[in-house]
Structure formats: structure tokens, C-alpha cells
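1. sequence plus the predicted model coming up.
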Amino acid sequence: MDKIDEAREILKVLGMPKAQQADFCCYVLLAMAGLKQETAWADAGNEWIRIHDIIQFANTYYGSTYAENSRETFRKHALHHFRNAALVEDNGKATNSPNYRYRLTEETLQMIRTFHTSEWQESITRFLVYHEKLIDIYASKKKMTMMPVCINGADFCFSTGKHNELQKAIIEEFAPRFAPNSKCLYVGDTIAKDLVKNVVKLKELGFEITLHDKMPDVVLYREDENWIYFVESVTTVGPMDSKRILELTEMTKNVTAGKIFVTAFLDFRTYKKFLETLAWETEVWIAEMPEHMIHLNGDKFLGPR
């Protein structure tokens, strides 16, 4: 292996996330250790250096072409994570100070000097005893920030984000008000695409689902009325426009239950952005005003109240 691949192997063994195994992250490790292509790992050092020095080292000795304006990329996507993994330390100066420097920790230095030696495995094991793998730390943090949601009486978790925040509101706020006693037959997650998918009931109702079909974000079924609610959770894209209605109509051509098409928004401001594209004969629900619905085309509801 050349030095880049060796650096990547070290980062992988240390449990760095995939993004922090990219070439430029390998350059950071090599520059901070002062390792040129022909330099042995046993001769690694840990002098205090700037991001400017890292870029110059990579360009001079590894043929890269990073410009000075890429410093923030190195800081945010490499050094920030290296510090979280206890691989590097800084000198405590203000980050905008010209004297701000990084270096490998003494512990990291002693570890990488054993690469390709009989002591390597022992060094890695010892390091990981005291420092959790970054990929595990990040996974743990992600798990801690998951949003709990009760679906059909069972506990699930959505990953964080506005789209899932709105889906949670659809299930917990919209459904009890406007689809009482309904069951959730389908809901996705931005990570786990099919968080809930009741294939048996969907087929029973006449769905023909293929891998190419894009399911609505939330599908609810109200058995007492024999109504199916197709709900799109819209934060940036994907409202119930005419094209989407045609897609869903084709996908559910064998479904005899009554079909209700709903576009859900987090707030009125987002709703206004999509107002002109929404299809007639569809419903709009806005999470910040959960007790109200907007019906596009009012002849069905025309009359005194």
C-alpha cells in the first residue's frame, strides 16, 4: 500500500466514519505526522502546525491541488472530527488567531509509530480501551436525539429532522383529530425507509406495490368509514399536485376504499410557497394550526354552519 492507503487503513481501524477516511483526511494525518511517501511510520512526528501547513504539505509531497480557500473544509470535515476522536489537540488559541495550531496527541503519535510492527495490534487495542470509536460515539448521539413516536400502539423512533418532525405530528396530532380510530398502514423514515409497512392489509385493500412506486409519506386507514388517507409530509418538496394525484390514482386503481389526499405542512409560511401547485379536491393540514383543515374546492361543504 502507498502512504495514502496506509493512512486510510489506520483511520478505518480507529473507527473513524467513512467520510473521515477520504483522501483529504488521510493527507491531514500524514501532514501532521510529517510523513512523506518514503518516510517510515516509525519516524512520525507531531510538530504544531496550521491548516495552511497541512495544505502546503499535501500539495508539495502528494501532488494534491488544494487552494487556501479550502481551509474550512479541512477544519470542519477532518480536524474537528479528529479532535473528537482524541487523535489531535490544539494549542488553545482563538480559532481566528494566526497562532492557532494543531498537533497529534502524544498518545496518537506513539500508536502510529508502531504501524507495520508486531506492536501495532496491541497499540490499537490500548488506544481504543481509553477512546471510544468515533463512529460509535456519533451513532450513540444520533440514537439519543431520535424522536419517539407511538404508532398503532407500539413504540418507534424517528430520526431527527423537519420531515420526520412533521410525520410525527401527522400521526400524533392529525390522525386523532381527522382520522379517528385509524391504523397507520405505512410510514417511512429518512433513514429507515419502511418504518411501518403493513403489506398484508395494503394488499387486502387492493394496493399493487412495486419497488418503483413511491409510497405517500403516511398512509392511514379508517375501517369504520372505509377511508384511506394518503398524506404527504412537505417541508421542501412533494405536495399533492396534479401529477402526484395521477401517480397515486394509478398505483391504487384496484383500491375501492374512499381515498383522501392530504398535504401536511409544518407552518403556514411553507404552505403559502406551495399554494399554487396544490391539486383541487385535496386537503391541507398545517401542524402549527392542528385543529383546522383547508379543503381545496368547497362545493362539498357549501352551506350554513
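-> Thanks, I have it. Computed from a predicted model, the values in this text were never measured in an experiment. Numbers count the residues shown, from 1 in each chain.
2. what sits opposite the closest residue to Asn164 other than its chain neighbours in the beta ladder?
-> Counting by C-beta to C-beta, 6 or more residues apart in numbering, Asn164 lies nearest to Phe158, which is 3.8 Å off, once chain neighbours are set aside. The C-beta positions use only the backbone N, C-alpha and C, and glycine is treated the same way. Here Phe158 sits in beta bridges with Met147, as judged by DSSP bridges.
3. what about Phe158, how many neighbours?
-> Other residues near Phe158 number 24, with proximity taken as other C-beta atoms under 10 Å.
4. and Glu107, by the same measure?
-> When counting by other C-beta under 10 Å, one arrives at 15 neighbours for Glu107.
5. with Asn99 instead?
-> The tally of other residues near Asn99 (other C-beta under 10 Å) stands at 9.
6. I'd say it and Asn91 touch.
-> Yes. At 7.4 Å, Asn99 counts as touching Asn91 under the criterion of C-beta atoms under 8 Å.
7. so Phe156 sits in a strand?
-> Yes. Counting by DSSP: H, G, I helix; E, B strand; the rest coil, Phe156 is located in a strand.
8. hmm, it is touching Asn164, no?
-> No. Phe156 is not in contact with Asn164 according to C-beta under 8 Å; the separation is 10.7 Å.
9. more neighbours: which of these two?
-> With other C-beta under 10 Å as the criterion, Phe156 and Asn164 differ in neighbour count, and Asn164 comes out ahead with 24 against 19.
10. element containing that one?
-> helix 162-169 (DSSP states H and E).
11. also Val149?
-> strand 147-151.
12. report all helices and strands that that strand contacts.
-> Applying 3 or more C-beta pairs under 8 Å, 6 or more residues apart in numbering; DSSP states H and E, we find strand 147-151 packed against strand 154-158, helix 162-169.
13. so how far is stretch 164-175 from its chain's centroid?
-> Its chain's C-alpha centre lies 19 Å from the corresponding centre of stretch 164-175 when counted by C-alpha atoms, centre = their mean, to the nearest Å.
14. gap between the two ends of that stretch?
-> With C-alpha to C-alpha, to the nearest Å as the measure, the ends of stretch 164-175 fall 15 Å from one another.
15. do the same with stretch 95-103
-> The first and final residues of stretch 95-103 sit 14 Å from each other (C-alpha to C-alpha).
16. and it, what's its mean pLDDT?
-> In this model, stretch 95-103 carries a mean pLDDT of 87.
17. contacts for it?
-> With C-beta atoms under 8 Å, 6 or more residues apart in numbering as the test, stretch 95-103 has contacts from 32, 46-51, 79, 83, 88-91, 93-94.
18. check the residues you listed and tell me the two furthest apart.
-> The largest distance within the contacts of stretch 95-103, taken as C-beta to C-beta, falls between Asn46 and Ala94 and amounts to 21.9 Å.
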